[in-house]
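Visitor: Mind looking at a prediction? Sequence and model below.
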Amino acid sequence: MKDIEIAKYEDLEIGDSASVTHTITENDIETFGNLSGDYNPLHFNEEWAKKTMFKGRIAHGILTAAYVSAAIGMKLPGPGTIYLSQSMRFRRPVLIGDTITATVEVIGKEDEKERITLGTMVTNQEDEIVLQGDAVIMLMKEE
């Protein structure tokens, strides 16, 4: 098995970015509901959801946010990243069939503690922002 390369603090620069893209499916919503126990009818009952401001079922907000975690944990900085905090503002609903892109960008570095601030954003296929926020992370150090 190949060694897993862990990013180094000094190799990350302001402006570095990475993205992951995923199309939300019925199965994603069912799986997330089963994992989280969140069976809110907004996610599972079309007739009920049609009567809401969304006019139909939407994906769980935290399911959408999971793709931010995937971008951080697998792309930038990647394996060995330790999440310290995440702020999120949900701006638009995500529907079944929407293709979302989660993008993370290095927007700050705190050299004393080697902490990194990432801007986090998720857009849909129309390039509309559905989630926006920031994350503070640190990197594992190999021993």
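Guide: On my side now, so go ahead.

Visitor: List the buried residues in stretch 95-115.
Guide: 96, 98, 100-107, 115 (16 or more other C-beta atoms under 10 Å). Glycine gets a C-beta too; all of them are placed from N, C-alpha and C.

Visitor: can you tell me how far residue 130 sits from residue 91?
Guide: In this view, residue 130 and residue 91 are 6 Å apart by C-beta to C-beta, to the nearest Å.

Visitor: can you list the residues that contact stretch 55-67?
Guide: Applying C-beta atoms under 8 Å, 6 or more residues apart in numbering, the contact partners of stretch 55-67 are 20, 22, 24, 28-29, 32-33, 36, 38, 40, 42-46, 49-50, 86, 88, 90, 93-96, 98, 100, 102, 122, 130-131.

Visitor: Buried subset of those residues as a PyMOL selection?
Guide: A single PyMOL command selects the buried members of the contacts of stretch 55-67 (16+ other C-beta under 10 Å):
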select buried, resi 20+22+24+28+29+32+33+38+42+43+49+86+88+90+93+94+96+98+100+102+122+130+131
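
Visitor: Whatever helix or strand residue 109 lives in: partners in the sheet, and parallel or antiparallel?
Guide: Assigned by DSSP states H and E, residue 109 belongs to strand 99-110. Under the criterion DSSP bridges, strand 99-110 sits next to strand 17-23 (antiparallel), strand 115-123 (antiparallel) in its sheet.

Visitor: Looking at those, which is nearest to residue 81?
Guide: If you check each of the strands paired with strand 99-110 against residue 81 by C-beta to C-beta, strand 115-123 wins as the nearest, at 8.8 Å.

Visitor: for the record, mean pLDDT for the closest one?
Guide: Summarised as a single mean, pLDDT over strand 115-123 is 98.

Visitor: Could you list the buried residues of it?
Guide: Buried residues in strand 115-123, counting neighbours by 16+ other C-beta under 10 Å, are found at 115-118, 120-123.

Visitor: just the residues you listed now: which is nearest residue 9?
Guide: Residue 9 lies nearest to residue 116 out of the buried residues of strand 115-123, by C-beta to C-beta, at 7.2 Å.

Visitor: how close does the closest one get to residue 42?
Guide: Separation of residue 116 from residue 42 (C-beta to C-beta): 34 Å.
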